[in-house]
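# The amino acid sequence is not available; the structure is as follows:
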């Protein structure tokens, strides 16, 4: 049995979209939990098995997997017919894994630093910054490819496009990259994820 712990309008939203893309919504139990948010709202939810109280978290028959990239890769390998990851042994697997790890190690830290206003030479030499992130995406899509891996849509597209759902103005000023962002946003999987989020989000007064 699979259980996904999520919270509305969070990093777990892209994981909901993944479930739709993989066509495994009927195989995964969804459990909504509270989380601490940047505006000071929320709390640590004792029902959340994540060690730091974050989301998403996947529980597979008692085995707990945390961090979006790891969960996506885990499920993509368990459900290969969905085509969301190149198979082990496929040479495309290397670039795919590079994208997943680049997001966690470079892209997300760069935007967190940008939003927080923190700046330090050690960070810049270790992780680089937003200009380097933008250049990599612009260079990747310069050939007009529809997705990061070329013609194949993968979990990497869901993961790496996701920050621009929340920070649209931070997207690179490049027609090809913005077309890719719009292409991912328009997928039915994100519409379904938004519906799930709305069911748990605070109701307008």
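That came through fine. Since the model is a prediction, treat every value here as computed from it, not as a measurement.

# Show me how the record splits the protein into domains.
Taking automatic domain parsing as the domain assignment, the record places the domains of the chain at 2-84+189-200, 93-187.

# Tell me the spacing between residue 135 and residue 165.
Summarising the geometry, the distance separating residue 135 from residue 165, computed by Cβ to Cβ, to the nearest Å, is 21 Å. Backbone N, C-alpha and C define where each C-beta goes, glycine included.

# quick one, which of the two is more surrounded?
For residue 135 versus residue 165, neighbours defined as other Cβ atoms under 10 Å are more numerous around residue 165 (18 against 13).

# Please identify which helix or strand holds that one.
Remark: residue 165 resides in helix 163-166, with elements defined by DSSP states H and E.

# Give the rounded mean pLDDT of that helix.
Predicted confidence along helix 163-166 averages 92 (mean pLDDT).

# so how far is stretch 167-182 off the chain centroid?
16 Å (Cα atoms, centre = their mean, to the nearest Å).

# Let me fix that, I meant to ask about stretch 94-106.
12 Å.

# Stretch 154-167 now?
Taking Cα atoms, centre = their mean, the mean C-alpha location of stretch 154-167 is offset from the chain mean by 5 Å.

# what's the answer for stretch 116-135, then?
Computed by Cα atoms, centre = their mean, the separation of stretch 116-135 from the middle of its chain amounts to 20 Å.

# Show me the strands in this protein, by range?
Shown for the chain, the strands assigned by DSSP state E span residues 2-6, 28-32, 57-60, 63-66.

# Give me the distance between residue 193 and residue 18.
For residue 193, the distance to residue 18 under the criterion Cβ to Cβ works out to 9 Å.

# same question but for residue 75, I mixed them up
Using Cβ to Cβ, we find residue 75 at a distance of 7 Å from residue 18.
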